[in-house]
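>>> Need a 3D model of the sequence below.
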Amino acid sequence: MKKRKGVISDLNEIYQLEKIIFKNEAWTQEMLKMELLNNENTKTLIIEENKSILGYLMSRSVFEEHHILNVGVLPQRQKQGIGTILLRSFLKCIKNTSSVFLEVKKSNFHAIKLYKTNGFKVFDQRKNYYKDGSSALMMNYCKVY
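You can find the predicted model right below:
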């Protein structure tokens with residue numbers, strides 16, 4: 001497996017993964033394109049194997065505040081540590097005084113466990129956040145040493 005920065009030429013493959021992983025909640029191709037083109041505030045981290053994307057993490061940053069926008073791992077490769085590698089690689093690259101926020105579907109127990117295991121805490125909830133009417137847990141991580 002190889003880690004690298006996501007680029008615009010990854011758009012179609014990320015979009016296909018989005019549709020497989022998130023189905024009706026998937027981002028549109030245009031939304032993904034905007035994030036991949038926004039090199040100033042947005043970063044995409046990719047894990048690939050044999051030139052195929054296995055997972056990605058998209059984040060947006062303003063100074064030392066970061067928002068994890070999207071994390072996706074190919075379903076047949078989930079529970080193999082790819083999400084952990086993506087998340088820890090991201091957290092390792094931010095400044096010690098940074099804060100990180102994300103929303104996660106309240107029913108996505110595997111993702112919630114991943115985030116909690118890596119130092120995130122639930123601080124609030126957004127009701128009816130997703131298209132299907134389900135709520136999101138709001139989580140944050142503060143890297144202060």
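
>>> show me the residues around Ser135 that make contact.
By C-beta atoms under 8 Å, 6 or more residues apart in numbering, the contact set of Ser135 is Lys105, Lys106, Gln125, Arg126, Lys127, Asn128, Tyr129. Where you see a C-beta, it was placed from the backbone N, CA and C, and this is true even at glycine.

>>> Sort out for me which of those residues are in strands.
Helix and strand membership here follows DSSP state E; of these, those in strands are Lys105, Gln125, Arg126.

>>> mind listing what's buried in the one helix or strand Tyr15 maps to?
For Tyr15, the element it lies in under DSSP states H and E is helix 11-22. Neighbour-count burial for helix 11-22, counted by 16 or more other C-beta atoms under 10 Å, picks out Leu11, Glu13, Ile14, Tyr15, Leu17, Glu18, Ile21.

>>> got a list of contacts for whichever helix or strand comes after it?
Under the assignment DSSP H and E, the closest C-terminal helix or strand after helix 11-22 is helix 29-37. Contact with helix 29-37 is made by 6-8, 10-12, 14-15, 18, 42, 44, 58, 60, 69, as judged by C-beta under 8 Å, 6+ apart.

>>> Please state the offset of helix 29-37 from the chain centre?
A distance of 14 Å separates the centroid of the chain from that of helix 29-37, by C-alpha atoms, centre = their mean, to the nearest Å.

>>> among the ones in strands among the contacts of Ser135, who's most crowded?
Neighbour count (other C-beta atoms under 10 Å) singles out Lys105 as the most crowded of those, with 17 neighbours.
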